[in-house]
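> coordinates only, sequence not included:
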């Protein structure tokens, strides 16, 4: 088994080296983390016109890697109809390096979870996905967790990510 390619995989040292966009960050949730004390969060607690939220991290991919095995824990707190949780998408962006800059080669959608009118599943869910073949020119990949926000949301700060593990299979 290869080593986890993700640094700070359970957000215990804050958001670094993760990158964020929109309302995303880390929190010590009252409802408990999957592992440790902290989790990555997507979205604001209450928003009338929320925007998308993204947490991502880039990592090198060995030349002999065939594909990636991705696992993570996901938890969404209760939302009540007609309030709607936004869609969540998990992506791998394959990248090629040039002079320290990484240009995208392709984006692979690993999971696409639609929003729900009522989300009563407050337990942690463990997700495991294997990517398709690594593009020949890929030197790096970026995992992205995206919350595509709906018009009105409640409990979206309760969209938690924890224990992100990415390993290369060769």
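Yes, it's here. Only a predicted model underlies this, so the values are computations on that prediction, with no experimental measurement involved. Residues are numbered from 1 along each chain as shown.
> lowest-confidence helix or strand of the protein?
Least confident helix or strand of the chain, by mean pLDDT, DSSP states H and E, is strand 153-154 with a mean of 50.
> what's downstream of it, the next helix or strand?
On the C-terminal side of strand 153-154, the nearest following helix or strand under DSSP states H and E is strand 159-169.
> Who does that following strand pair with, and is each partner parallel or antiparallel?
Using DSSP bridges, strand 159-169 pairs in its sheet with strand 39-42 (antiparallel), strand 67-76 (antiparallel).
> Tell me the buried residues in that strand?
Judged by neighbour count using 16 or more other CB atoms under 10 Å, the buried positions of strand 159-169 are 159-168. No exception for glycine: its C-beta is placed from N, CA and C like everyone else's.
> Quick one: these as TSV, columns for pLDDT and distance to residue 9 too.
As requested, the buried residues of strand 159-169 are exported to TSV (pLDDT from 0 to 100; distance: CB to CB, whole Å):
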residue	pLDDT	distance to residue 9
159	82	18
160	90	14
161	95	10
162	97	9
163	98	6
164	98	5
165	98	6
166	98	8
167	97	11
168	95	15
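> Excluding chain neighbours, what is closest to the most centrally placed residue in the chain?
A centroid search over the chain (CA atoms, centre = their mean) returns residue 145, at 2.8 Å, as the residue closest to the centre. The shortest distance from residue 145 to any non-neighbouring residue, by CB to CB, 6 or more residues apart in numbering, is to residue 55 (4.8 Å).
> now residue 106
Going by CB to CB, 6+ apart, residue 106 has residue 94 as its nearest residue, at 5.1 Å.
> how about the one you found, phi and psi?
Torsion angles at residue 94 (phi, psi; degrees, to the nearest 10) stand at phi -80, psi 140.
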